[in-house]
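pasting a predicted model and its sequence here:
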Amino acid sequence: MRFYVSTAFLDTREAVEIARAADDLGYDGMAVPDHVVNLETLQTPYPYTGDGKRRWEAFTDWPDPWVMIGAVALVTTRLRFVTTVYLPAMRDPYSAAKAIGTAAVLAGGRLELGIGVGWCREEFELLGQRFERRGKRTDEMLELMKALWSPSWTEFAGEFYTTPRLEMEPSPPPIPIYVGGLSDIALRRAARHDGWIGDLITTDKALERVAELRRLRAENGLGMDGFEVITPLTDAFTPEHYDRAQTGGITGIITMPWMFYTGPDASLTDKIDGMRRFRKDLALD
């Protein structure tokens, strides 16, 4: 099982040192979330809490994921980077493909693209993108971006985007695509790609999603070999908990190790110490 250290709500100035420590301590990856802005007032409810309220306070850091990954890739040697999750349909496909591809080159093939379709209508509209049919646009964008990342001339004619003959360099190494979300349509989309990213969820609920993904993959004539299932788990704390998750088909855990020891107000020193203690307590070394 792989363990990814989440940078959600982290002070951006700590990211480089957290990445260095994760690389040195043997963590497998770093999970980087995405929002462009945080609007003060929203009509759209946040879909991942019972009351529709956001999990973060105003003025929480939301650094650009590709600037972040480009920076920390250059101070690490083995750590992988996954976005949790990036919203392609909130951007134009060419700018998105350029940023993602550049980060993948700088990371030397250690980039895993986690995508979602988005939930915040107001953020989409502020960025000049339609909220409606964002799922269909996401599917087409992924197809187009894969073409743009190929080291050849590209032409593309879709429902939403038409591309004249062009090329985009640098061409990145292969970029696996994981789809985030808990809905049935998110699972169906994930089953067509390389993996699934969950939100905060219990182990039982996560294993139910794994069983559904296994069924959907089989319908598409695909197995689970090489298919990644990455999620935070709200009820996993011991080696036995993680063994059960791995046996059930979960391949990666997103975690903030310091939360088990110091909590949300941990200093940078506390965070790194928590990362070290977590690996020792789980006998990962």
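Ah, there it is. Only a predicted model underlies this, so the values are computations on that prediction, with no experimental measurement involved.

now the strands for this protein?
2-6, 29-32, 80-83, 111-115, 154-157, 162-166, 177-180, 195-197, 228-231, 252-255 (DSSP state E).

please name every helix or strand in contact with the fourth one.
Helices and strands touching strand 111-115, as assessed by 3 or more Cβ pairs under 8 Å, 6 or more residues apart in numbering; DSSP states H and E, comprise strand 80-83, helix 93-106, strand 177-180. The way it works is simple: take the backbone N, C-alpha and C, and place the C-beta from them, glycine included.

highest mean neighbour count out of these?
Stretch with highest mean neighbour count among the helices and strands packed on strand 111-115: strand 80-83 (a mean of 26; mean count of other Cβ atoms under 10 Å).

can you list contacts of it?
Residues outside strand 80-83 that contact it (Cβ atoms under 8 Å, 6 or more residues apart in numbering) are 2, 4, 28-34, 65, 69, 72-73, 103, 107, 110-115, 178, 197, 230.

circling back: I'd like the strands of the chain laid out as a markdown table, including distance to residue 121.
Formatted as a markdown table, the strands of the chain follow (distance: least, Cβ to Cβ, whole Å):
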| stretch | distance to residue 121 |
| --- | --- |
| strand 2-6 | 26 |
| strand 29-32 | 24 |
| strand 80-83 | 21 |
| strand 111-115 | 18 |
| strand 154-157 | 27 |
| strand 162-166 | 26 |
| strand 177-180 | 18 |
| strand 195-197 | 22 |
| strand 228-231 | 26 |
| strand 252-255 | 26 |
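
looking at those, which is nearest to residue 90?
The closest approach between residue 90 and any of the strands of the chain, judged by Cβ to Cβ, belongs to strand 111-115 at 10.6 Å.

any low-confidence regions in the stretch 151-285 of the chain?
The model of the stretch 151-285 of the chain has pLDDT under 70 over residues 285.

show me where it has its helices.
Per DSSP state H, counting those that start in this stretch, the stretch 151-285 of the chain carries helices over the ranges 184-191, 203-219, 239-247, 268-281.

for the longest one, which helices and strands make contact with it?
Using 3+ Cβ pairs under 8 Å, 6+ apart as the contact criterion, the elements in contact with helix 203-219 are helix 184-191, strand 228-231, helix 239-247.

closest one to residue 131 among those?
Closest of the helices and strands packed on helix 203-219 to residue 131 is helix 184-191, at 15.4 Å (criterion: Cβ to Cβ).

how close does residue 153 get to residue 170?
The gap separating residue 153 from residue 170 is 15 Å, by Cβ to Cβ, to the nearest Å.

try residue 90
Residue 90 sits 24 Å away from residue 170, going by Cβ to Cβ.

one step back: of all the helices and strands packed on helix 203-219, which gets the most neighbours per residue?
Counting by mean count of other Cβ under 10 Å, strand 228-231 has the highest mean neighbour count of those, with a mean of 24.

list the helices and strands that one packs on?
Counting contacts by 3+ Cβ pairs under 8 Å, 6+ apart, strand 228-231 packs against strand 195-197, helix 203-219, strand 252-255.

redo that, cut-off 10 Å
Applying 3 or more Cβ pairs under 10 Å, 6 or more residues apart in numbering; DSSP states H and E, one finds that strand 228-231 contacts strand 2-6, strand 111-115, strand 177-180, strand 195-197, helix 203-219, helix 239-247, strand 252-255.

now those in CSV, with distance to residue 138?
Formatted as CSV, the helices and strands packed on strand 228-231 follow (distance: least, Cβ to Cβ, whole Å):
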stretch, distance to residue 138
strand 2-6, 22
strand 111-115, 7
strand 177-180, 9
strand 195-197, 14
helix 203-219, 17
helix 239-247, 28
strand 252-255, 21
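
coming back round to it: higher neighbour count, residue 153 and residue 170?
Applying other Cβ atoms under 10 Å to residue 153 and residue 170 shows that residue 170 carries more neighbours, namely 12 against 9.

now the more buried one: how far from residue 272?
Distance check for residue 170 against residue 272: by Cβ to Cβ, it reads 33 Å.

and if you look at residue 176?
28 Å.

more crowded one of these two?
Shown here are residue 176 and residue 272; by other Cβ under 10 Å, residue 272 has more neighbours (21 against 16).

mind checking how far that one is from residue 264?
16 Å.

also residue 235?
Distance from residue 235 to residue 264, counting by Cβ to Cβ: 19 Å.
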